[in-house]
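Novice: pasting the structure only:
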């Protein structure tokens, strides 16, 4: 089962994203700040990082993504933001493969990308093994 780490400080958005990913068959851990995210990155070595660009903490979401990339070079990095997509794409260019989505996120588009980047390993069925 693929492991996803959701980094989102808005509780409603975190719930929606984690529910969507669980229904796609992923094991999901949700965190609300970058400090907690760094601890979970070390523990989980996630296959997918889905991060809000503007989440606060001692480090940036970009630094969390760099740590994921160090542990899992093949991990899928996905950023979601209300900020300028072009500016973020420039900042994350060295972390490819990496995708930036504008808020609000089109869930069908997100799942389609994750499905294709995982080699078809998403089940599209609810998972009961996940936790938040």
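Specialist: Thanks, I have it. Every value quoted in this text rests on a predicted model; they were computed, and no experiment measured them. Residues are numbered from 1 along each chain as shown.

Novice: which parts of the protein are helices?
Specialist: For the chain, helices defined by DSSP state H occupy the ranges 11-23, 34-44, 61-71, 85-91, 107-117.

Novice: neighbours of residue 10, how many?
Specialist: The tally of other residues near residue 10 (other CB atoms under 10 Å) stands at 14. Bear in mind the C-beta positions are built from the backbone N, C-alpha and C, glycine included.

Novice: which residues touch it?
Specialist: Counting by CB atoms under 8 Å, 6 or more residues apart in numbering, residue 10 touches residue 52.

Novice: how near is it to residue 118?
Specialist: Distance of residue 10 to residue 118, computed by CB to CB, to the nearest Å: 25 Å.

Novice: surely residue 28 and residue 16 touch.
Specialist: No: if you go by CB atoms under 8 Å, residue 28 and residue 16 don't touch, sitting 11.7 Å apart.

Novice: give me the low-pLDDT residue ranges for the protein?
Specialist: Applying pLDDT under 70 to the chain picks out residues 123-132.

Novice: need the residue closest to the centroid of it.
Specialist: The residue lying closest to the centre of the chain (CA atoms, centre = their mean) is residue 50, at 1.1 Å.

Novice: residues near residue 41, how many?
Specialist: Using other CB under 10 Å, residue 41 has 26 neighbouring residues.

Novice: brain fart, residue 78
Specialist: For residue 78, using other CB under 10 Å, the count is 22.

Novice: rewinding a little: let me see the contact set for the residue nearest to the centre of the chain.
Specialist: When contacts are counted by CB under 8 Å, 6+ apart, residue 50 touches 4-8, 17, 21, 78, 80.

Novice: for it, which residues make a bridge with it?
Specialist: Bridge pairing for residue 50 (DSSP bridges) gives the partners residue 6, residue 78.
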